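# Sharing a model that was predicted from the sequence below.
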Amino acid sequence: SGINAEYGQFVEKLRERNARETAPYEDVFTSFSSLYSTLEQYRGKIKKLDYENLKRQEDIKSIISDPGKKLTENDKNFLALQQENIQLIRQHENTQREMLRMAMKVKDVASKETQIINLEGKCFRLEQENGVLRDEVTTLHLLCKKLDEDNKNLKSENQHMLEKILLHKKEEVDVVNMHNETMKKLKEHQMFYELESARNEDSNSPEQSLGGSGSNSSGGARAGLFSRLFRKSESESDDIDSRHSSASSRCRLYSGPAIIPTKVSNKVEQHSSELYSLTFSYQGTMFATGGADKCIKLWRSSNLPNVDSISTLTGCNAGVMSIDIDEREQYVVAGSNDSAVRLWQVTGGQIRSTFMGHDNKIYSVKFYSHSQKIVSGSHDRTLRLWDVRTSKNIRTIFARSSCHDLAVLSEQGTDIVSGHFDKRLRFWDERQDTSSFEMLLDGRITSLDLSGCGKYLACSCKDASTIKFIDLKLRQAIATFTADGLRLGEHTRCSFSPDGQYIACGSSDGSIFLWNTRTLKREEVPKMHSSAVPVVKWHPMGQAFVSLEKSKKFYVWSDV
């Protein structure tokens, strides 16, 4: 708008200049018109005079041819005047022609000046556009400089973090070595003490005092002692290994094979708007639901099908799209349509941290690294990694397409899988900015779910309304599940049963579809919902599952 105003002022000034410089030539043009009409009149007179002159010349010739006839004085004067008049008329005609040439030159000069004005206007517009381009180039240079600085800072921070990790690893190794050394000394002291006790017992035994087979008894006592010590050491070692294995895994607890429930045992309607997300805790003692009413409700699920409300978590400014609960059931993380990731404490329901950085809706959040980190996927085509302790963004990965769901394959973050709008599965290492592997599926990916054994991945595809059963070792789909009537929505989420034997998924018509991953056949589930079912989740014990209905309700399926 500013450029248009300057252009208008410039054109107005050019018009004023044109009027000012063409004004002196208006008399010339008027005189030219008058002279042109006068010239035409003189041309008529010249023709008339030429005719009269021709007649006079004929008379003069007749007089000259007749020597006897004498010219009068008047005839002589007339002839002289006639000749002079002819010369004057010719001079006047030459003058008029010269004036016409001058007028044509003036007209040509005016035309050139008009062209010059137009060219000056064009130059002005080009200068304005050039100025805008220069400003854009300057802005881009500044942006590039800032990005370079950010890149250097990130590299420096990355190097610093690597150094801290190495130092931490070294300290951890030192602590383990010290612990092992301490345990070794304790065992040696304990063995020495028990040997001393056994020797004292042998010296006081009746067999030795009576001179019997004391050596055999002593040897048997020592053998029994060493056997007890070995069994005790082995037991302690197994206990340490089991504790380490338990601390380094996030496997949900379940008991026995999954059972397909055939009836709805409980219906709950506590939310005030549509439901989008549902997740169970790792031990199955509680679960969380969220939706368009901007809140998260926590439910106690240790006595299904009965559920009790624990608390309501608030603070989101838009609908809740994804929820996860940490492995110790102390924190709840959620991503919402207000571009923020929030972390709540289960006890008290207070917001502990808010992670800002995404530019659009957040469709998926997951804990990993023993719940010390969070990964989030957004419609802004990025994945962001967050440190729970410092509440900082530790890495941003550009994924090239809107991310609809995530799955974490390893606690170290070396295998993160993301499902995208462009129909691709992408495998990531949190230490790298580019994907290590990609798979193209037959539709936009709406959800991912990892089997309990960690070997398989279920992936729902909207366009084809199919569920892909993917072998993560082979990194290829080994089966595709579909059915008549299955219609997946934009955010429909499928899930494995805890033992990985079944995959369940809801449909837009209110049906629930379930397939056996071993026989690859569909299992029948009665239709109980009256509207779309966006999420179906199994309880970690495998005896029940919960299904969300968009119309504010969730159903608990159980035969108990």
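On my side now, so go ahead.
# just the helices in the stretch 201-350 of the chain please.
Using DSSP state H, counting those that start in this stretch, the helices found in the stretch 201-350 of the chain span residues 206-209, 214-247.
# got it, and the chain?
Under the criterion DSSP state H, the chain contains helices at 2-22, 26-65, 73-203, 206-209, 214-247.
# need those helices in CSV with mean pLDDT, can you?
Shown next, in CSV, are the helices of the chain (pLDDT from 0 to 100):
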stretch, mean pLDDT
helix 2-22, 76
helix 26-65, 73
helix 73-203, 81
helix 206-209, 41
helix 214-247, 42
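# Redo the ones you listed as JSON lines? Include mean neighbour count and distance to Arg328.
(C-beta placed from N, C-alpha, C; glycine too.) As requested, those are exported to JSON lines (neighbours: other CB atoms under 10 Å; distance: least, CB to CB, whole Å):
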{"stretch": "helix 2-22", "mean neighbour count": "11", "distance to Arg328": "59"}
{"stretch": "helix 26-65", "mean neighbour count": "12", "distance to Arg328": "96"}
{"stretch": "helix 73-203", "mean neighbour count": "11", "distance to Arg328": "20"}
{"stretch": "helix 206-209", "mean neighbour count": "12", "distance to Arg328": "56"}
{"stretch": "helix 214-247", "mean neighbour count": "12", "distance to Arg328": "11"}
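# For Glu430, which of these is the nearest?
helix 73-203 (11.3 Å; CB to CB).
# Mind giving me the packing neighbours of the closest one?
helix 2-22, helix 26-65, helix 214-247 (3 or more CB pairs under 8 Å, 6 or more residues apart in numbering; DSSP states H and E).
# next one: that helix to chain centre, how far?
Centre-to-centre, helix 73-203 and its host chain are 24 Å apart (CA atoms, centre = their mean, to the nearest Å).
# what's the angle from it to helix 26-65?
150 degrees (axes from the mean of the first three to the mean of the last three CA atoms, to 10 degrees).
# Give me the distance between Ser495 and Ala258.
Going from Ser495 to Ala258 by CB to CB, to the nearest Å gives 11 Å.
# So which of these two has more stuff around it?
Of the pair Ser495 and Ala258, Ser495 is the one with more neighbours under other CB atoms under 10 Å, namely 25 against 22.
# Thought Trp538 was touching the more buried one, still the case?
Yes: with contact defined as CB atoms under 8 Å, Ser495 reaches Trp538; the gap is 5.9 Å.
# tell me, what's touching the two both at once?
Ala504, Phe545 (CB atoms under 8 Å, 6 or more residues apart in numbering).
# Show me which residues of stretch 261-277 are buried.
With burial defined by 16 or more other CB atoms under 10 Å, the residues of stretch 261-277 counted as buried are Pro261, Val268, His271, Glu274, Leu275, Tyr276, Ser277.
# farthest pair in those?
Spatial extent of those (CB to CB) is set by the pair Pro261 and Glu274 at 24.3 Å.
# Overlap in contacts, Ser495 and Ala258.
With CB under 8 Å, 6+ apart, Ser495 and Ala258 have common neighbours Trp538.
# Quick one, which of the helices of the chain gets closest to Arg431.
helix 73-203 (8.6 Å).
# Could you point out which of the buried residues of stretch 261-277 is nearest to Lys155?
Out of these, the member with the shortest distance to Lys155 (by CB to CB) is Ser277, at 36.2 Å.
# which ones are touching that closest one?
Ser277 touches Ala288, Thr289, Gly290, Gly291, Val320, Met321, Ser322, Ile323, Ala334, Val535, Leu548, counting by CB under 8 Å, 6+ apart.
# 6 Å instead?
Gly290, Val320, Ser322, Ile323 (CB atoms under 6 Å, 6 or more residues apart in numbering).
# now those in JSON lines, with pLDDT, neighbour count and distance to Tyr282?
What follows is these, written out as JSON lines (pLDDT from 0 to 100; neighbours: other CB atoms under 10 Å; distance: CB to CB, whole Å):
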{"residue": "Gly290", "pLDDT": "96", "neighbour count": "27", "distance to Tyr282": "18"}
{"residue": "Val320", "pLDDT": "97", "neighbour count": "27", "distance to Tyr282": "20"}
{"residue": "Ser322", "pLDDT": "97", "neighbour count": "26", "distance to Tyr282": "17"}
{"residue": "Ile323", "pLDDT": "97", "neighbour count": "23", "distance to Tyr282": "13"}
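# Now, these that are in strands?
Gly290, Val320, Ser322, Ile323 (DSSP state E).
# In CSV: these, plus distance to Ser391.
Listed next are those as CSV, based on distance: CB to CB, whole Å:
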residue, distance to Ser391
Gly290, 21
Val320, 19
Ser322, 19
Ile323, 19
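# out of the residues you listed, which one sits closest to Asn303?
Ile323 (21.4 Å).
# so what's that closest one bridging to?
Ala334 (DSSP bridges).
# any idea how far it lies from Leu79?
125 Å.
# Let me know the closest of the ones in strands among the contacts of Ser277 to Glu430.
Once CB to CB is applied, the member of the ones in strands among the contacts of Ser277 that ends up nearest Glu430 is Ser322, at 18.7 Å.
# I'd say that closest one and Asn337 touch.
No: Ser322 lies out of contact with Asn337 (CB atoms under 6 Å); the separation is 10.6 Å.
# Is Gly506 bridged to anything, and to what?
With DSSP bridges as the rule, Gly506 is bridged to Ile512.
# count of residues packed around it?
Neighbours around Gly506, by other CB under 10 Å: 28.
# Same check on Ile260?
Ile260 has 18 nearby residues by other CB under 10 Å.
# what does Thr312 give?
So Thr312, with other CB under 10 Å, has 13 neighbours.
# And the residue lying closest to Lys423 once chain neighbours are set aside, what's its pLDDT?
With sequence-adjacent residues excluded and distances taken as CB to CB, 6 or more residues apart in numbering, Lys423 is closest to Leu441, at 5.2 Å. Leu441 carries a pLDDT value of 96.
# Tell me the one of the contacts of Ser277 nearest Cys459?
Ser322 (16.2 Å).
# ok, that closest one - contacts?
Taking CB under 6 Å, 6+ apart, one finds Ser277, Gly335, Ser364, Val365 in contact with Ser322.
# ok, now with 7 Å
Ser277, Ala334, Gly335, Ile362, Tyr363, Ser364, Val365 (CB atoms under 7 Å, 6 or more residues apart in numbering).
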